[in-house]
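**Q** need a 3D model of the following:
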Amino acid sequence: MEHAPIPPTVKVVILRIAAKLSGRTTEGEFLKRVSSEARHTLVWLWPTKTGELMTSSDTPPAEERLSPLHQAHLDAGASFTDFAGWQMPVRYSSDLAEHHAVRTAAGLFDLSHMGEIVVIGPEAGAALDYALAGSLSAIAIDQAKYSLLLSRSGGIVDDLVVYRTGEDRFMVVANASNREVVANELRDRTAPFDAEVFDESDDIALIAVQGPASLDILRSVGAFAVEGGALDGEDFAERLAALRYYWSLPATFDQHPVLVARTGYTGEDGFELYIAPDLAPSLWNVLLQAGEAHGLVPAGLASRDTLRLEAGMPLYGHELGLELFPAQAGLGRIVNLGKEVDFVGRAASEIGPEADARVLVGLTGDGKRAARAGYEVYRTAHDSQAADSQRPIGIVTSGALSPTLGVPVAMAYVEPASAEPGTELAVDIRGTRFSYTVTALPFYSRKKN
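**A** The predicted structure is shown next:
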């Protein structure tokens, strides 16, 4: 049975009905159970409006965990690493070159391993107010907000970015390793509300353009447009330039839906673009071509890690975890104890951590030996509490030789008595203690125009 080619901006509401009837909760999972012929028949029935969910017609099996851009990475000679079960590019050329490109020009990242969980319904905002630590019902349409999913004991289940894409529609972006946990927790916590949760991760690809040249690169792409705007992209370029940090712009790429957000994880200006997986290779190639004159290069996860470290941005599993309160990580402001409604983890958050609980600090070293995750932190021998210098008072969570600053930097959890900026400490690096100084985060801040 043959089907006439239909633009990928179409999908079916019947998928949700079918998914529920089959006992499943997402369209992607349902599509995996039907034949290829039935999949194409179902997926192309009804049109999708800009801003609604985007569904790929060929969702790969979950066990493969390959990005829709995997072939593009192979063609570019990328080296790969396993990240939360995904084969993702760790580098294309060198970590240093890719890091410096983002700081001075732009880098292109594939972040399709991230989880996208959509919450829809008349009480979606109220449901998220209960499920998460922030006030999500208060953000405007097209606005984004950084938030936390807490356990009932106050620990961090995951850190998230939440986009409000409609009056009754939110997209929650979770870390790849926590996608299923976050989706299940949201389903459980929103059950009393008039709202539904759909894990759309397999149906959304994510590409990021980060760096000082990112705005010029995106504005030069004529294939972008805003709904109802000029086809040449002029309206898009104007809207994009005016877009504020942590706001998003529903747009089209080659007349197909794309959500463009001014967000990122590098400490630079930049954008993250959410698009259907089957359109991701085309968008990737167009951005590479448009960015060539601006110095843009494809960048892997290794450079993304050193970029976020310099910017003092926490990474789940390193600076964040179930055993840690947000206040210990310097994220106490994210937990909105002032909101009138209850939320999961509120009671524990009001009590907070013990007075002597370790807190997150920045560390800067003198030489060239980088502290790495897991290395122990000590007081120095000439500290006023020298007798206590043989007892570890902290542990490094992330560390590297900063490509931008040229010195070792690290983040670590240390006892509160040793957390004051300027405090001299020592890090045990393979049996030898090296001097480090507590430094206020972030290590690097971009110059804003």
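**Q** domain ranges for this structure?
**A** By the record's domain assignment, the chain is partitioned as 10-47, 70-112+205-308, 115-203, 354-439 (automatic domain parsing).
**Q** quick one: closest of those domains to Ile334.
**A** For the domains of the chain, proximity to Ile334 was assessed by Cβ to Cβ; domain 115-203 is nearest, at 5.4 Å. From N, CA and C alone the C-beta is placed, and that goes for glycine too.
**Q** count of residues packed around Pro250?
**A** Neighbours of Pro250 under the rule other Cβ atoms under 10 Å: 19.
**Q** please renumber the chain so that the first residue is 29 from this point on.
**A** Fine by me, first position is 29 from now on; the one you just mentioned is Pro278.
**Q** so it belongs to a strand, correct?
**A** Yes. The assignment for Pro278 by DSSP: H, G, I helix; E, B strand; the rest coil puts it in a strand.
**Q** any idea how far it is from Ser426?
**A** Noted for Pro278: a distance of 35 Å to Ser426, by Cβ to Cβ, to the nearest Å.
**Q** could you do Arg215 as well?
**A** 32 Å.
**Q** sheet partners, orientation included, of the longest strand anywhere in the chain?
**A** Ordering each strand of the chain by length in residues (DSSP state E) puts strand 184-194 first. With DSSP bridges as the test, strand 184-194 is paired with strand 172-178 (antiparallel), strand 197-202 (antiparallel).
**Q** just name the most buried of those strands.
**A** Greatest average neighbour count among the strands paired with strand 184-194 goes to strand 197-202 (a mean of 24), per mean count of other Cβ atoms under 10 Å.
**Q** past that strand, which element shows up next along the chain?
**A** Counting by DSSP states H and E, the next helix or strand C-terminal to strand 197-202 is helix 207-218.
**Q** quick check: buried residues in that following helix?
**A** For helix 207-218, burial by neighbour count (16 or more other Cβ atoms under 10 Å) applies to 207, 210-211, 213-215, 217-218.
**Q** the longest strand of the chain vs helix 207-218, what angle?
**A** Between strand 184-194 and helix 207-218, the angle comes out at 70 degrees (axes from the mean of the first three to the mean of the last three Cα atoms, to 10 degrees).
**Q** and strand 184-194, C-alpha only, in PDB?
**A** In PDB, the C-alpha atoms belonging to strand 184-194 read as follows (Å, rounded to 0.1, in the frame of the first residue of the first chain):
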ATOM      1  CA  ILE A 184      16.800  16.500  44.100                       C
ATOM      2  CA  VAL A 185      15.200  14.000  41.800                       C
ATOM      3  CA  ASP A 186      16.200  16.100  38.800                       C
ATOM      4  CA  ASP A 187      16.700  19.700  37.700                       C
ATOM      5  CA  LEU A 188      14.500  20.700  34.800                       C
ATOM      6  CA  VAL A 189      13.700  23.500  32.400                       C
ATOM      7  CA  VAL A 190       9.900  24.000  31.900                       C
ATOM      8  CA  TYR A 191       8.500  25.800  28.900                       C
ATOM      9  CA  ARG A 192       4.900  27.100  28.800                       C
ATOM     10  CA  THR A 193       3.900  26.500  25.200                       C
ATOM     11  CA  GLY A 194       0.200  27.200  25.600                       C
END
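**Q** in CSV, list the domains of the chain along with mean pLDDT and distance to Asp370.
**A** Below are the domains of the chain laid out as CSV (pLDDT from 0 to 100; distance: least, Cβ to Cβ, whole Å):
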stretch, mean pLDDT, distance to Asp370
domain 38-75, 33, 25
domain 98-140+233-336, 95, 26
domain 143-231, 98, 7
domain 382-467, 93, 24
